[in-house]
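Below: sequence and its predicted model.
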Amino acid sequence: MRIFRTIDEYKRFLAELPASRTVGFVPTMGYLHAGHLSLVERAKRENDVVVMSVFVNPLQFGPNEDFERYPRDEARDLALMESAGVDAAFLPGVRDMYPNGAVKTTVRVAGVTERLCGASRPGHFDGVATVVSKLFHIVEPTRAYFGLKDAQQVAVIETMVADLNMNVTVVPCPTLREPDGLAMSSRNVYLTPEQRERATVLYASLQAIDGWRRANPDVTAAELEAKLAEAIRRTPGAELDYAQVMTYPALEPIEGPVRRAGRFIAALAVKFGGTRLIDNRLFEGEDTAT
Ligand code: AMP
């Protein structure tokens, strides 16, 4: 595995590759887990070369968020990348990505960024779209792999790529979970053993939604949201940030029964102490074009 710490070094490597090669790209913030590695596996199957980046992007953290304490372990990440068969590890420093401090150019995607995490974390998706745009220009991927655990992020990136005619195929990938259903996340290490046990409520309540909607064919988004919120309220130590049911990927409100909505998402953000967890489930309504 080759390791690159600057944009120039990576660009030299890219220039040496045959012109016909395909490049699969997996951008991450590190502290890798099996969810990240499942994206590498898919990228390896579909491309000649796999590039993984680790960059904790200051631009996508709010002033009172966890940028400073975000978990980092470069040696462990490199070992995992190597054993997963990554060809090139790209680990730029903040100064290489943002040489003049803050950027003067920001990529802002309207619409899909306004709800869910966009409403709770102002500016977050501007930071995400800007850094992913920069990484696409640097890495020059054929395909880029993103987890549906961050389904709103997938919608934002897909919108950006389409609107700006970026020459990359976005590949959404399924969420990997712990055996008890908790979505794998670098932030799970923040949880105390008690919070970790209670955090299963996110997946359990999203699963329960499926039963409720099957038992009640005319169920509305508001009714499903209320059921989700109730499950979180009943969980000691859990504080609801949002429980929302919307169309996907447009993320618009659903009028009337959800079954008429086509593809839709049930999305949750829940805080346990200072740790904010998100999860979601996608559903196909009866009108979904396949
Ligand atoms: P992060 O390092 O958290 O920014 O995540 C980097 C990429 O890995 C993003 O595309 C995430 O959606 C994806 N990812 C994170 N957790 C999971 C998971 N549990 N399953 C699948 N993909 C994931």
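Thanks, I have the structure now.

Can you give me the domain assignment for the protein?
What automatic domain parsing lists as the domains of the chain is 2-173, 186-284.

In JSON lines, list these along with mean neighbour count, mean pLDDT and distance to the ligand.
Using the backbone N, CA and C atoms, a C-beta is placed for each residue, glycine as well. Shown next, in JSON lines, are the domains of the chain (neighbours: other CB atoms under 10 Å; pLDDT from 0 to 100; distance: least, CB to the nearest ligand atom, whole Å):
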{"stretch": "domain 2-173", "mean neighbour count": "17", "mean pLDDT": "97", "distance to the ligand": "2"}
{"stretch": "domain 186-284", "mean neighbour count": "18", "mean pLDDT": "96", "distance to the ligand": "5"}
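
who wins for proximity to Pro179 among those domains?
domain 186-284 (10.3 Å; CB to CB).

dump the residue contacts of Gly147.
Gly147 sits next to 35-36, 39, 154, 172-176 when contact means CB atoms under 8 Å, 6 or more residues apart in numbering.

Mind doing that once more with 10 Å?
Contacts of Gly147 were listed using CB atoms under 10 Å, 6 or more residues apart in numbering, and they are 26, 28, 35-36, 38-39, 153-154, 172-176, 183-185.

who touches the helix or strand harbouring Met81?
When secondary structure is defined by DSSP states H and E, Met81 falls within helix 74-84. With CB under 10 Å, 6+ apart as the test, helix 74-84 has contacts from 1, 3, 26, 28, 30-34, 36-41, 43-44, 50, 52, 54, 73, 86-89, 91.

next one: stretch 93-109
With CB under 10 Å, 6+ apart, stretch 93-109 has contacts from 5-10, 55-59, 92, 118, 123, 125-135, 138, 155-160, 163-164.

Now do the strands in this structure.
With DSSP state E as the criterion, the chain has strands at 2-4, 23-28, 49-54, 88-90, 143-147, 169-173, 238-247, 263-272, 275-284.

Nearest approach to Ala110 belongs to which of those strands?
Taking CB to CB, strand 238-247 is the member of the strands of the chain nearest to Ala110, at 15.8 Å.

Can I get stretch 250-259 as PDB, trimmed to CA atoms?
Coordinates of each C-alpha in stretch 250-259 appear next as PDB, following Å, rounded to 0.1, in the frame of the first residue of the first chain:
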ATOM      1  CA  ALA A 250     -35.600  14.700  -2.200                       C
ATOM      2  CA  LEU A 251     -36.200  14.900   1.600                       C
ATOM      3  CA  GLU A 252     -39.600  16.500   1.200                       C
ATOM      4  CA  PRO A 253     -42.600  16.200   3.600                       C
ATOM      5  CA  ILE A 254     -45.100  13.400   2.800                       C
ATOM      6  CA  GLU A 255     -48.800  14.300   2.600                       C
ATOM      7  CA  GLY A 256     -51.200  11.500   3.200                       C
ATOM      8  CA  PRO A 257     -50.400   7.800   3.700                       C
ATOM      9  CA  VAL A 258     -46.700   7.000   3.400                       C
ATOM     10  CA  ARG A 259     -47.500   4.100   1.100                       C
END
